[in-house]
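In: got a predicted structure plus its sequence, pasted below:
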Amino acid sequence: MLLDCSRDLQLGPGAPISQRSRPVIDALPSMDPLQWRNACPESGCASPVSADGDGMTDAPRDAIRVRGARQNNLKSLDLDIPLNELIVVTGVSGSGKSSLVFDTLYAEGQRRYVETFSPYARQFLDRMDKPQVESIAGIPPAIAIDQTNPVRTSRSTVGTMTELNDHLKLLFARAAQLHCSHCGKPVRRDTAESIYRDVHERARAAADPRLLLTFPVPVPANFTVEEVRELLGRQGYTRFLEPNDAAAAPRTREPEAPRRAGRRRRRAAAAAAILEVVQDRLRAGSAERARVLESLEAALRVGRGRVNLHVVDDSDPPRLLESWRYSSELHCPDCDLAYPLPSPSAFSFNSPLGACESCRGFGRTIGIDYGLVIPDETRTLRGGAIKPWQTKSYAECQQDLEKFAKLRGIPLDTPWRELSAEARRWVIEGEGAWSRKVWCTCACCCHATAPTHPAAPAMAHA
C-alpha cells in the first residue's frame, strides 16, 4: 500500500519524514511554523501557515481542508488532503490515525450527506454528532470500510459490506439506458412528440417520401380475421396493409364464410395473425403538425403503444421500401421483444431475478476439467490415459472401458492425442444407457460409484 499510494500522511510527534521522491504531507500539530520548516526542509512539504499568516495553506482547490481538529487525541490539527489520490495515513499507536480518518473525516462526510435528506427521512436515522473540529471544507460524502466485519458470507463483497451495492442497484434501475439483447439498439419509450421529431428528421433526409402510418392489431385466438376486420371497420378503419407488405389498397369486408364449417380451423389460423391497420397516409414534410400528432396519438391508443411508419413509392398500388417502428413501452419494435420495468432486484446477484443463470450469483461454476482427467495425452487407453480410473477402487471401470472399446473397434494401444474425434467422443460421452448393456458415462448411471476425483464427477461407471 505504501509503495502504491500517492501521498503518505504521517501523524504524531517524532514521526519519521519520508525520504521518497513522492510528495509527503506531515502533520505535526505541536510545532510552530518555524519548527515545521526546520523539521521538514524538503520542498515537497507544505507549511501549515501561508506567507501572510492567515492559517491557510497553499493547497490546491480539489482538496479537503481541515482546520483545528481536536477529536479524541488530535490537538488542533490543520492540514489539506488532496482529492482523487490514494493517501495512506501512518503513525505510531495513539497518534490519532483513526481519530482523523474515521471520527473526523468520515463522520463529517456522512453527517453532511445525511443532512441533504428530507426531515421525514432523517427521523428514521440515528443522530450524528458533529466532530470536534473548527472547520472542514471540500469534503464529499464518505464511505468507510472497516478492517473487520463479523457479517460475512460466500456472497459478501466490498459492495455489499459497505452497502454501496444498494445504491448502485438503484442507480442502474432508475438511470441506466436499456439496450435490446438481440439487436443492441437503445430501447426507450416513445411519445407522439418524440415520434414526430424523429419522423420529421428521417423524412427530411430521405427527400420527404410517402408514408403509411399504421399500427399492428393481433388477432385473438377466439376471433377470426374477418371478425376483427369487422370490428375495426365499425371504428372507421377500412384500410389494411397486405400481409406480403406489397400494397395498401382499400379493402371491403369480404362475404362472411359459413360459420358452421371450418370455424375452428379459421380461428386456429388467425391466432398467430397480425393485422396492419392504416391510420393515415401523408408526407411528413408537408403535413400539418397537428394532423400528424393526432394520427400518432390515435395509432398509439388503438395499437396499444405500437406504431409503424412505412416508406412507400408512388406506384399504384404502392410498394413498400422501408419501415420505421416505434413503441411507447419498453419494447424493441424492430425485434418485437418486450422488456419488464427495471427494478433494483434485476441488478443484484443475490436475487433470482438478477443472478447469473450459470453461476447463480456465486461467480463460480462446477464443471469437468479434462486436462486433469486426461493429463498425459501420450498414454493409451490401455496404458492409463484416464487417470481417475487407475486405482483399485475403479479398476472395474477401466476393465469395462477396455471391453466395450474392443467391441466398437476403438484402438486401445494408440496414444490419446492420435485417436480420432469420434473415438474421443465415444470414450467421454458414451453411447447410451447402461440398461442397454453399452458403454455409458452419464451421471444417472454413476450414483453408486461416483468418483472422488474432482475433475471427473460424471465419468464413473456403475
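Out: Done, it's in.

In: what sits against the most centrally placed residue in the chain?
Out: Against the mean C-alpha coordinate of the chain, by Cα atoms, centre = their mean, the closest residue is residue 347 at 6.4 Å. Applying Cβ atoms under 8 Å, 6 or more residues apart in numbering to residue 347 gives the contacts 168, 169, 172, 173, 354. Where you see a C-beta, it was placed from the backbone N, CA and C, and this is true even at glycine.

In: and the pLDDT at it?
Out: We have a pLDDT of 88 for residue 347.

In: out of the contacts of residue 347, which is most surrounded?
Out: Using other Cβ atoms under 10 Å as the neighbour test, these are led by residue 169, with 21 neighbours.

In: how close does it get to residue 348?
Out: With distances taken as Cβ to Cβ, to the nearest Å, residue 169 is found 6 Å from residue 348.

In: my guess is residue 281 meets residue 211, correct?
Out: Yes - when contacts are counted by Cβ atoms under 8 Å, residue 281 is listed as touching residue 211 (7.2 Å).

In: list the buried residues of stretch 337-351.
Out: For stretch 337-351, burial by neighbour count (16 or more other Cβ atoms under 10 Å) applies to 342, 344, 347, 348, 349.

In: picking that back up, neighbour count winner among residue 281 and residue 211?
Out: More crowded of residue 281 and residue 211, by other Cβ under 10 Å: residue 211, with 24 against 17.

In: pop out the phi and psi values for residue 88.
Out: When read as degrees, to the nearest 10, the backbone of residue 88 gives phi -110, psi 130.

In: bridged to it, which residues?
Out: Residue 88 has these beta-bridge partners by DSSP bridges: residue 8.

In: next one: it from residue 11, what distance?
Out: Counting by Cβ to Cβ, the gap from residue 88 to residue 11 is 11 Å.

In: any idea how far the residue nearest to the centre of the chain is from residue 184?
Out: For residue 347, the distance to residue 184 - Cβ to Cβ - is 19 Å.

In: in this structure, mark out all the helices, start to finish.
Out: Using DSSP state H, the helices found in the chain span residues 33-39, 97-100, 107-115, 119-122, 158-161, 164-175, 192-205, 225-234, 263-270, 289-302, 370-373, 395-408, 421-429.

In: starting at the chain centroid, how far to the fifth one?
Out: Same thing as helix 158-161. 17 Å (Cα atoms, centre = their mean, to the nearest Å).

In: tell me the mean pLDDT for it?
Out: Here the average pLDDT along helix 158-161 is 76.

In: pull out the buried positions in it.
Out: Using 16+ other Cβ under 10 Å as the test for burial, helix 158-161 gives residue 160.

In: I'd like to know how many residues surround the residue nearest to residue 216 when sequence neighbours are not counted.
Out: Closest residue to residue 216 apart from its sequence neighbours, by Cβ to Cβ, 6 or more residues apart in numbering: residue 274 at 5.0 Å. The number of residues packed near residue 274 is 13, by other Cβ under 10 Å.

In: quick check: residue 274 touching residue 214?
Out: No - counting by Cβ under 8 Å, residue 274 sits too far from residue 214 to count as a contact (10.8 Å).

In: pLDDT below threshold where in the stretch 251-400 of the chain?
Out: 251-272 (pLDDT under 70).

In: what about the strands in it?
Out: Using DSSP state E, counting those that start in this stretch, the strands found in the stretch 251-400 of the chain span residues 274-282, 306-312, 320-327, 331-332, 337-338.

In: counting by contacts, list what the second one packs against.
Out: With contacts defined as 3 or more Cβ pairs under 8 Å, 6 or more residues apart in numbering; DSSP states H and E, strand 306-312 has these neighbours: strand 210-218, helix 289-302, strand 320-327.

In: let's see it at 10 Å
Out: Helices and strands touching strand 306-312, by 3 or more Cβ pairs under 10 Å, 6 or more residues apart in numbering; DSSP states H and E, are helix 192-205, strand 210-218, strand 240-241, strand 274-282, helix 289-302, strand 320-327.

In: using CSV, write out every CA atom in the fifth one.
Out: So the one you mean is helix 289-302. What follows is helix 289-302, C-alpha atoms only, in CSV (Å, rounded to 0.1, in the frame of the first residue of the first chain):
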residue,chain,number,x,y,z
ARG,A,289,-48.1,19.1,-37.3
ALA,A,290,-51.4,18.9,-35.6
ARG,A,291,-52.7,16.3,-38.1
VAL,A,292,-49.6,14.1,-37.7
LEU,A,293,-49.7,14.3,-33.9
GLU,A,294,-53.4,13.4,-33.8
SER,A,295,-52.8,10.4,-36.1
LEU,A,296,-49.9,9.2,-34.0
GLU,A,297,-51.9,9.5,-30.7
ALA,A,298,-54.8,7.6,-32.2
ALA,A,299,-52.5,4.9,-33.6
LEU,A,300,-50.7,4.6,-30.2
ARG,A,301,-54.1,4.3,-28.4
VAL,A,302,-55.6,1.6,-30.7
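
In: return the residues in contact with the residue nearest to residue 377 when sequence neighbours are not counted.
Out: By the measure of Cβ to Cβ, 6+ apart, the closest residue to residue 377 outside its immediate chain neighbours is residue 417, 3.9 Å from it. If you count contacts by Cβ atoms under 10 Å, 6 or more residues apart in numbering, residue 417 has them with 374, 376, 377, 378, 379, 385, 424.

In: the third one against residue 414, yeah?
Out: No - Residue 377 is not in contact with residue 414 according to Cβ atoms under 10 Å; the separation is 11.2 Å.

In: okay, and the common contacts of these two?
Out: Common contacts of residue 377 and residue 414 (Cβ under 10 Å, 6+ apart): residue 385.

In: what about the two, which has more around it?
Out: Neighbour count, other Cβ under 10 Å: between residue 377 and residue 414, residue 414 has more, with 15 against 12.

In: phi and psi next, for the more buried one.
Out: phi -100, psi 130.

In: thought it was touching residue 427?
Out: No - the pair residue 414 and residue 427 does not pass the contact test of Cβ under 10 Å, sitting 11.7 Å apart.

In: what do those two both touch?
Out: With contacts defined as Cβ under 10 Å, 6+ apart, the residues adjacent to both residue 414 and residue 427 are 381, 385.

In: and the nearest residue to residue 165 once chain neighbours are set aside, how far from residue 356?
Out: Nearest-residue entry for residue 165: residue 159, 3.5 Å, with adjacent residues in sequence omitted and distances by Cβ to Cβ, 6+ apart. Remark: distance between residue 159 and residue 356 (Cβ to Cβ) = 16 Å.

In: repeat for residue 288
Out: To residue 356, residue 288 is 52 Å away according to Cβ to Cβ.

In: do the same with residue 384
Out: 37 Å.
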